[in-house]
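Asks: Just to be clear, the model below is a prediction. Sequence and coordinates:
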Amino acid sequence: MVTIGYLPNYQNGLGETIIQGYYMHQGVGMWFMTFTLGLTYYYLPSSLNKPIYSYSLGVLAFWTQMLFYTMIGTHHFVFSPLPWWLQTVAIVFSMGMFIPVVAGTTNFLMTMKGSWNQISKSYVLPFFLVGVVFYFVGSSQGSFQAFRFTNYVWHFTDFNVAHSHMTMYGIISFLLWASIYAILPKITGREPKQLFVGVHFWMAFIGLFAYMISMMTGGTLKGLSWIEGNSFIESVILMKQYWVWRAIGGSLMFLSHLMFAYNFYVMAKMNRVKESIQKVSPQTVTA
């Protein structure tokens, strides 16, 4: 897709739309999602001090994702003037994505089974749990959203904005945060304060939830307004209160990033006093 995306013959009209759709999903599913899930397969069992539940489910999830994710690029352009067969292919492969999503989610949750009491005592596991839950909910929603009868309502509305944040933020960001909180203290020997990690977690989670629910609700009402034949400006006025909640949620998410930046600094900064002591050789001390 990168090669085709740079060929000028494909950058005209509908060809450009198709390239954008496939390029977008290759970036999400074949880059961000794969390496983030790979981190989860390593750091989740490590954090729980137990093996992954099933290697077979992991293999199934990986190869079915490689198979089905490659062809879903146009499921956001259903009812657009793209070839009907191309839209249908995207819908069919979107349904196939239930296989890796269910397999991966089952693998992660079964790995966490029996360790739920550790979640309240850990600043790593809550991020993993939210990421895994959103992996199932967000990915499943994407598959259901690919149907033509759901696209009829949500097509080109703010609902798609909510879906994008549920996946890229709810899955990718939370799993990355969990992995960073899991490995960085082991490298540097410095742990952030539990309170500050909790502040980061809850501001990010509540902010995302407010952002997501407001855009889903408003996007659905906007789609129904268009179906009823109302003017576009009416749908803009309709969205006003939902955009306010979007701003509130986005602000909380932004503040959570500042909190994470501070936590990262605490974990990553070098202890100069400790380093200077370690650099003193035994011969120097004896002398």
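Replies: Everything's here; your move. Numbering: from 1, shown residues only.
Asks: Give the rounded mean pLDDT of the helix or strand residue 58 falls within.
Replies: If you go by DSSP states H and E, residue 58 is part of helix 55-68. Across helix 55-68, the average pLDDT comes to 93.
Asks: Beyond it, next helix or strand please.
Replies: Counting by DSSP H and E, what follows helix 55-68 is helix 84-96.
Asks: can you pull the buried residues of that next one?
Replies: Residues 86, 87, 89, 90, 91, 93, 94, 96 are the ones in helix 84-96 that count as buried (16 or more other Cβ atoms under 10 Å). Quick note: C-beta positions are derived from backbone N, CA and C, even for glycine.
Asks: wait, which of those is closest to residue 70?
Replies: residue 93 (7.7 Å; Cβ to Cβ).
Asks: Wait, the closest one touches residue 68, no?
Replies: Yes: in this structure residue 93 lies within contact range of residue 68 using Cβ atoms under 8 Å: 4.8 Å.
Asks: List the backbone torsions phi and psi for the residue nearest to the spatial centre of the chain.
Replies: Centrality entry for the chain: nearest residue to the mean C-alpha point is residue 171, 2.7 Å, by Cα atoms, centre = their mean. Phi and psi for residue 171, reported as degrees, to the nearest 10, are phi -100, psi -60.
Asks: so who does it touch?
Replies: Going by Cβ atoms under 8 Å, 6 or more residues apart in numbering, residue 171 touches 33, 36, 131, 134, 135, 138, 139.
Asks: Would you mind measuring from the second one to residue 163?
Replies: With distances taken as Cβ to Cβ, to the nearest Å, residue 36 is found 17 Å from residue 163.
Asks: next one: the fifth one
Replies: Distance of residue 135 to residue 163, computed by Cβ to Cβ: 13 Å.
Asks: When the two are compared, which one has more neighbours?
Replies: Higher neighbour count among residue 135 and residue 163: residue 135, with 25 against 22, using other Cβ atoms under 10 Å.
Asks: and the more buried one, what is it in contact with?
Replies: By Cβ under 8 Å, 6+ apart, the contact set of residue 135 is 37, 101, 104, 105, 108, 171, 175.
Asks: Try it again at 7 Å.
Replies: Residue 135 sits next to 101, 104, 105, 171 when contact means Cβ atoms under 7 Å, 6 or more residues apart in numbering.
Asks: likewise residue 144?
Replies: residue 150.
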